[in-house]
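Participant: After the sequence you'll find the predicted model.
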Amino acid sequence: TGRKELLSGRHGDEVIAVALNDEHVLSGSGDPGYYARRPLDASVRLWRRSDGAALGCFEGHVDSVRCVALFKSQPLMHFGMSGSLDCHV
């Protein structure tokens, strides 16, 4: 749409993956692979698109997040997934 959306809060490392649906933005961070280091931040963050409000920070991964997904239709629209180099989903 060309509309700029500002989100509150931020990751502590590079953002590796982003997913959108009509209501939310989900992102995951970590080392992109070319630094050869442990990630500074391997979190997954959730924002509301309408006002950019941070809704959650999920810190269960211990290695870089490589993928995130948001369901795009009801009844699962409020659910997402993430995958990490720690071999957990």
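Facilitator: Received, thanks.

Participant: Extract the residue ranges of this structure that are flagged as low pLDDT.
Facilitator: Applying pLDDT under 70 to the chain flags residues 1-5, 77.

Participant: center of it - which residue?
Facilitator: The chain has S27 as the residue nearest its centroid, 1.6 Å off, counting by Cα atoms, centre = their mean.

Participant: Assign that one to helix, strand or coil.
Facilitator: Following DSSP: H, G, I helix; E, B strand; the rest coil, the label given to S27 is strand.

Participant: shouldn't it be in contact with V18?
Facilitator: Yes. Under the criterion of Cβ atoms under 8 Å, S27 is in contact with V18, at a separation of 4.8 Å. The C-beta positions use only the backbone N, C-alpha and C, and glycine is treated the same way.

Participant: what sits in contact with each of these two?
Facilitator: Residues touching both S27 and V18 (Cβ atoms under 8 Å, 6 or more residues apart in numbering) are V68.

Participant: Contact partners for R66?
Facilitator: I16, A17, G28, G30, G83, S84, L85.

Participant: So which of those residues are in helices?
Facilitator: Judged by DSSP state H, the contacts of R66 include no members of helices.

Participant: Just the closest of these to S8, please.
Facilitator: Distances from S8 to those, taken as Cβ to Cβ, are shortest for G28 (17.4 Å).

Participant: Which strand residues bridge V15?
Facilitator: Assessed by DSSP bridges, V15 has beta-bridge partners S29.

Participant: Now do C57 against Q74, distance only.
Facilitator: Separation of C57 from Q74 (Cβ to Cβ, to the nearest Å) stands at 25 Å.

Participant: Fine by me, thanks again.
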